[in-house]
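J.: Okay, predicted coordinates and the sequence, questions at the end:
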Amino acid sequence: MGPSAVTPPASRRWVPWAVALGLASLFLPGWWRAYQLTVRAERLDAEIAALDAENQRLLTEMHRLQYDPDYIERVARKKLGRVRKGEILYKVAPPEDPSTSTSR
């Protein structure tokens, strides 16, 4: 057997490379797209989980605002500044920043 039996002729050495390149060009775009869709799906799953948690928090607050008088009072006092009859509301002003004062 001569050297031609061990190695294919130079004219056919490119055939396996061409086949591999052709297969890669067919499958790589699909694999890349699948990877992108997987990343997007993971991001959307995380967003859905965050929205579910926020939705649950809001449902709990809605239920408390409908049925819990103590919670309603606490929210009215804190967010709306409401007071009971006979109470006096004191608001403490924040200390003045010395760098913005105009007096010497």
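T.: Alright, I've got the coordinates. Numbering: from 1, shown residues only.
J.: where's the strand or helix carrying E54 relative to the chain centroid, distance-wise?
T.: Per DSSP states H and E: E54 is located in helix 14-67. Between the centre of helix 14-67 and the centre of its chain there are 11 Å (C-alpha atoms, centre = their mean, to the nearest Å).
J.: cool, stretch 84-97 as well?
T.: Distance, stretch centre to chain centre, for stretch 84-97: 40 Å (C-alpha atoms, centre = their mean).
J.: Endpoint to endpoint, it covers what distance?
T.: In stretch 84-97, first residue to last residue: 33 Å (C-alpha to C-alpha, to the nearest Å).
J.: what sits up against that stretch?
T.: Outside stretch 84-97, the residues that touch it by C-beta atoms under 8 Å, 6 or more residues apart in numbering are 81, 83. Heads up, the C-betas are built off the backbone N, CA and C, glycines and all.
J.: what's around R12, how many residues?
T.: 9 (other C-beta atoms under 10 Å).
J.: and it, what is it in contact with?
T.: No contacts exist for R12 under C-beta under 8 Å, 6+ apart.
J.: any idea how far it is from A20?
T.: Note on R12: its distance to A20, by C-beta to C-beta, to the nearest Å, is 14 Å.
J.: ok, back up a step: extract the C-alpha trace of the next helix or strand after the helix holding E54 and format it as PDB.
T.: Sequence order places helix 69-80 as the next helix or strand after helix 14-67, per DSSP H and E. Below are the C-alpha coordinates for helix 69-80, written out as PDB (Å, rounded to 0.1, in the frame of the first residue of the first chain):
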ATOM      1  CA  PRO A  69     -60.200  48.300  62.000                       C
ATOM      2  CA  ASP A  70     -56.900  48.600  63.800                       C
ATOM      3  CA  TYR A  71     -54.900  48.500  60.600                       C
ATOM      4  CA  ILE A  72     -57.300  51.000  58.900                       C
ATOM      5  CA  GLU A  73     -56.700  53.400  61.800                       C
ATOM      6  CA  ARG A  74     -52.900  52.900  61.700                       C
ATOM      7  CA  VAL A  75     -52.900  53.600  57.900                       C
ATOM      8  CA  ALA A  76     -55.200  56.600  58.400                       C
ATOM      9  CA  ARG A  77     -52.900  58.100  61.100                       C
ATOM     10  CA  LYS A  78     -49.700  57.400  59.200                       C
ATOM     11  CA  LYS A  79     -50.500  58.200  55.600                       C
ATOM     12  CA  LEU A  80     -53.400  60.700  56.000                       C
END
